[in-house]
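J.: Sequence first, predicted model second:
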Amino acid sequence: MVLGPRTSGEGPIALLSQIEACVPALRRYAAALLRNRQDADDLVHDCLVRALDKLHTRHEDGDVRAWLFSILHNLFISQRRRAASRPEHDPLDAAEGVAFHAASTQEDTLRWQELIRAVDRLPADQRTVILLVSVEDHTYAEAARVLGVPIGTVMSRLARARERLREMVSEPKNGHAESRRLRVVK
Amino acid sequence: MTTPKRPISEDDLHAYVDGVLDEDRHAAIESYLQSHPEIGQRVASYVAQRADLRAAFAAPALEPIPPQLNLSSLVEERLRFRPQRWVAAAAAVLALAIGAGGGWFLGSRPPAAIATLSQEAAAGYAVFVSAHSQSDASPFREADALVGWVAHGVGRSVKAPDLAKAGYRLLGAALVPAAHGSAAMLHYRNAHGTSLVIYIRPVPAGGTTPLEAIDIGTIDGCAWIDRGLGYSLIAAEPYGRLVDLSQQVREESAARGS
């Protein structure tokens, strides 16, 4: 099947396929940032529309995923700036209402909810870094590009985010959490 | 003990957690953590935290993509939006053309499918050329890259014919609403500034028909159906030349075998 004027691996159709492949990750990241699935999908929608607008001015050398995430990040920042005057919703309530995970066990679910609430309490700069690196598997260089900061800044935010999350959630009240950790570490 | 060991940094610990160290460095960190249990415990908790974060936030990426995030639809919307003014004008001309009745065709009466196809193409061409004859840029230039994707999205094989040998260069393309779904409008121009438009859309009745001459007033064109795809080619060229060009397009698509 012939698809269009240019069908080479580097052509626009390949590029659009790459964009399409990033949509699930964009949804995950937007949902983690916004805590509301509808708002998150609206943000991803705006991101894709913007990407199609910029398709023809895009530099060919860059990585598609980092390019898309940086578009989404910039939209998120300007959206947050616009919303700054409005009262912020309570992230604690929102975390309860949003299903981010298929519950496997009651214990997992509770732990994940606690973790999500803890991520909410991180400063925004640390939250974006730990989501990009830990959840989205971006390299440090990629995360730096998405956020428009030096790699050193990514590293220090990541270190602070991890330590802060650890303090917030992992102090074991009994031996339970400890044994879980050993299990996960392999 | 050949080279002195590079000191362990906090960055190394995080690179270890994220699994991005090379083998040697990974092993070095591992043995360091074993000999420093407190730091080892902290790093182990980061590793567990990373796994928990991934699990906790995983769901949205595993769900089916909702319709409003379907990339093919977004591309199609965009193509429809851009030439909107043009499409509205074309629709008006098309209405006039249909109202004017049967004065469109020379020779024997073509099948109804060819008639509709030609009217759509002619209407588009008329508005297109009158609106953009002075400008060097095609109004559809930006859309060029996207047509193939849309064609892909609707499962049709549409390729812009290569008319370089005849001196025509593809300037751009647009997807436009048509009587039966979407149509591709391809815009070519030669060195003398002559515009040529090829209009392609599926014909539900299907089949293959011979070339038909179509007359859209001051300009001639050809129309035909090739294995369920309707084609119309229009340009301000002598009729004989249009037939040559149309044959070229037809042979090219036959050679591709779609």
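T.: Yep, that arrived. Numbering: from 1, shown residues only, chains lettered A, B, ... in the order given.
J.: quick one: low-confidence parts of the stretch 151-258 of chain B?
T.: B:151-159, B:172-182, B:205-206, B:216-218, B:256-258 (pLDDT under 70).
J.: Oops, could you answer that again for chain A instead?
T.: A:1-13, A:56-61, A:85-104, A:170-186.
J.: Can you give me the domain boundaries for it?
T.: A:1-88, A:95-186 (automatic domain parsing).
J.: Correct me if wrong: A:Arg37 contacts B:Glu63.
T.: No: with contact defined as CB atoms under 8 Å, A:Arg37 does not reach B:Glu63; the gap is 9.1 Å. Placement of C-beta: from N, CA and C, glycine included.
J.: Who has more neighbours out of these two?
T.: Each of A:Arg37 and B:Glu63 has its neighbours counted (other CB atoms under 10 Å in any protein chain shown); A:Arg37 has more, 19 against 13.
J.: Residue 15: neighbour count?
T.: Since no chain was named, I'll use chain A. Residues near A:Leu15, counting by other CB under 10 Å: 19.
J.: other chain: chain B
T.: Neighbours of B:Ala15 (other CB under 10 Å): 19.
J.: Name the helix or strand for it, please.
T.: helix B:10-17 (DSSP states H and E).
J.: helices and strands around that helix, which ones?
T.: Helix B:10-17 sits against helix A:151-169, helix B:23-35, helix B:37-56, with contacts defined as 3 or more CB pairs under 8 Å, 6 or more residues apart in numbering or on different chains; DSSP states H and E.
J.: Ok, which of the ones you listed comes nearest B:Asp244?
T.: helix A:151-169 (60.4 Å; CB to CB).
J.: Identify all contacting residues around the closest one.
T.: A:111, A:114-115, A:118-119, A:121-122, A:125-127, A:129-130, A:133, A:140-141, A:143-144, A:147, B:10-11, B:14, B:17, B:42, B:45-46, B:49 (CB atoms under 8 Å, 6 or more residues apart in numbering or on different chains).
J.: And the buried ones among those residues, selectable in PyMOL?
T.: Those of those that count as buried under 16 or more other CB atoms under 10 Å in any protein chain shown are selected in PyMOL with:
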select buried, (chain A and resi 111+114+115+118+119+122+126+127+129+130+133+140+143+144+147) or (chain B and resi 11+14+17+42+45+46+49)
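J.: do the longest helix that chain A contains and chain B meet?
T.: Using DSSP state H to define each element, chain A has its longest helix at helix A:12-34. Yes: using CB under 8 Å from any CB of the partner chain, we find that helix A:12-34 touches chain B at A:12-13, A:16, A:19-20, A:23-25, A:27-28, A:30-32.
J.: What about the residues you listed, which one has the most neighbours?
T.: A:Ala30 (27 neighbours).
J.: residue contacts, the nearest residue to A:Gly148 once chain neighbours are set aside?
T.: Nearest residue to A:Gly148 in three dimensions, chain neighbours excluded: A:Ser70, at 7.2 Å (CB to CB, 6 or more residues apart in numbering or on different chains). A:Ser70 sits next to A:Arg145, A:Val146, A:Leu147, A:Gly148 when contact means CB under 8 Å, 6+ apart.
J.: Secondary structure element for A:Ser70, which one?
T.: Judged by DSSP H and E, A:Ser70 forms part of helix A:64-83.
J.: low-scoring stretches of the stretch 1-150 of chain B, by residue?
T.: Looking at the stretch 1-150 of chain B by pLDDT under 70, you get B:1-4, B:78-111, B:126-150.
J.: Tell me how many other residues surround residue 22.
T.: By default, I'm working from chain A. 22.
J.: meant chain B, my bad for not saying
T.: 9.
J.: Ramachandran angles for it?
T.: When read as degrees, to the nearest 10, the backbone of B:Asp22 gives phi -70, psi 170.
J.: Give me the distance between it and A:Asp63.
T.: Note on B:Asp22: its distance to A:Asp63, by CB to CB, to the nearest Å, is 21 Å.
J.: now do B:Pro67
T.: Distance from B:Pro67 to A:Asp63, by CB to CB: 28 Å.
J.: For those two, indicate the residue with more neighbours.
T.: A:Asp63 (15 against 7).
J.: In which helix or strand does B:His187 reside?
T.: strand B:181-189.
J.: ugh, wrong one, I meant B:Gly230
T.: Assigned by DSSP H and E, B:Gly230 falls in strand B:229-235.
J.: got the CA positions of whatever helix or strand comes next after that strand in CSV?
T.: Counting by DSSP H and E, the next helix or strand C-terminal to strand B:229-235 is helix B:239-256. Provided in CSV are the C-alpha atoms of helix B:239-256 (Å, rounded to 0.1, in the frame of the first residue of the first chain):
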residue,chain,number,x,y,z
TYR,B,239,-7.0,18.9,-24.6
GLY,B,240,-4.5,16.5,-26.3
ARG,B,241,-1.9,17.4,-23.7
LEU,B,242,-4.4,16.8,-20.9
VAL,B,243,-5.1,13.3,-22.2
ASP,B,244,-1.3,12.6,-22.3
LEU,B,245,-0.9,13.8,-18.7
SER,B,246,-4.0,11.8,-17.6
GLN,B,247,-2.6,8.7,-19.3
GLN,B,248,0.7,9.2,-17.5
VAL,B,249,-1.1,9.4,-14.1
ARG,B,250,-3.1,6.3,-15.0
GLU,B,251,-0.1,4.3,-16.1
GLU,B,252,1.8,5.3,-13.0
SER,B,253,-1.0,4.1,-10.7
ALA,B,254,-1.3,0.9,-12.7
ALA,B,255,2.4,0.3,-12.5
ARG,B,256,2.2,0.7,-8.7
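J.: quick one, helix B:239-256 and strand B:181-189 angle?
T.: Helix B:239-256 and strand B:181-189 are oriented at 120 degrees to each other (axes from the mean of the first three to the mean of the last three CA atoms, to 10 degrees).
J.: And helix B:239-256, what does it pack against?
T.: strand B:220-226, strand B:229-235.
J.: Report the buried residues of that helix.
T.: Here helix B:239-256 shows B:Leu242, B:Val243, B:Leu245, B:Ser246, B:Gln248, B:Val249, B:Arg250, B:Ser253 as buried, counting by 16+ other CB under 10 Å.
J.: Partner strands of the helix or strand containing B:Arg201 and their direction?
T.: Element membership for B:Arg201 (DSSP H and E) is strand B:195-202. Here strand B:195-202 is paired, per DSSP bridges, with strand B:181-189 (antiparallel), strand B:229-235 (antiparallel).
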